[in-house]
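Engineer: when you get a sec, could you give me coordinates for this:
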Amino acid sequence: MVKKASTKVNKEKTTERAKLEDIEKIIVDLGKKGLTPSKIGIELKKNYGVDKIKTLGASITKILEKNKVNHDNDLKTVGKKISKLEGHISKNKQDKRAKRELVKFVGLRRKLEIYESKKNK
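Structural biologist: The predicted structure follows:
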């Protein structure tokens, strides 16, 4: 038996597709509000119908750096997670899973510090 091709019509997303200049402006505005690059990507996908920024020519972090907008890097994010886990472990001494996660994040922070030091040379 031969399968028929789908008869469904591809509907475009209801949100308009923005141009690169408009997207850059949106990214800069969201970056100034304090959103991380990953949150900016989620916001663009949800509200503006932009699936991948790289296909437009540049990544979100490159656009933020070009426009001199400060954003949280991976090292700060890992540091926040470590401090949150340390607070949790001080209250819950028997939580072995959290202790394991803390060890993993400390190792990740060390690797990121080494990477950043090599990158900045």
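Engineer: going forward, measure contacts between C-alpha atoms and count neighbours the same way
Structural biologist: Noted.
Engineer: what's the local residue count around the residue lying closest to Lys81 once chain neighbours are set aside?
Structural biologist: Excluding the flanking residues, the one nearest Lys81 by C-alpha to C-alpha, 6 or more residues apart in numbering is Phe105, at 7.7 Å. Phe105: 17 surrounding residues under other C-alpha atoms under 10 Å.
Engineer: same question, Lys81
Structural biologist: By other C-alpha under 10 Å, the residues close to Lys81 number 15.
Engineer: next: Glu24.
Structural biologist: For Glu24, the count of nearby residues is 18 (other C-alpha under 10 Å).
Engineer: what residues does whatever helix or strand the residue nearest to Lys81 lives in touch?
Structural biologist: Per DSSP states H and E, Phe105 falls inside helix 96-119. With contacts defined as C-alpha atoms under 8 Å, 6 or more residues apart in numbering, helix 96-119 is touched by Asp74, Leu75, Val78, Gly79, Lys81, Ile82, Leu85, Glu86, His88, Ile89.
Engineer: state the distance from the residue positioned nearest the centre of the chain to Asp22.
Structural biologist: For the chain, the residue sitting closest to the mean C-alpha position, by C-alpha atoms, centre = their mean, is Ser38 at 1.7 Å. Applying C-alpha to C-alpha, to the nearest Å, the value for Ser38 to Asp22 is 19 Å.
Engineer: returning to that earlier point: how far away is the residue nearest to Lys81 from Glu65?
Structural biologist: Going from Phe105 to Glu65 by C-alpha to C-alpha gives 26 Å.
Engineer: equivalent analysis for Lys99, please.
Structural biologist: Going from Lys99 to Glu65 by C-alpha to C-alpha gives 35 Å.
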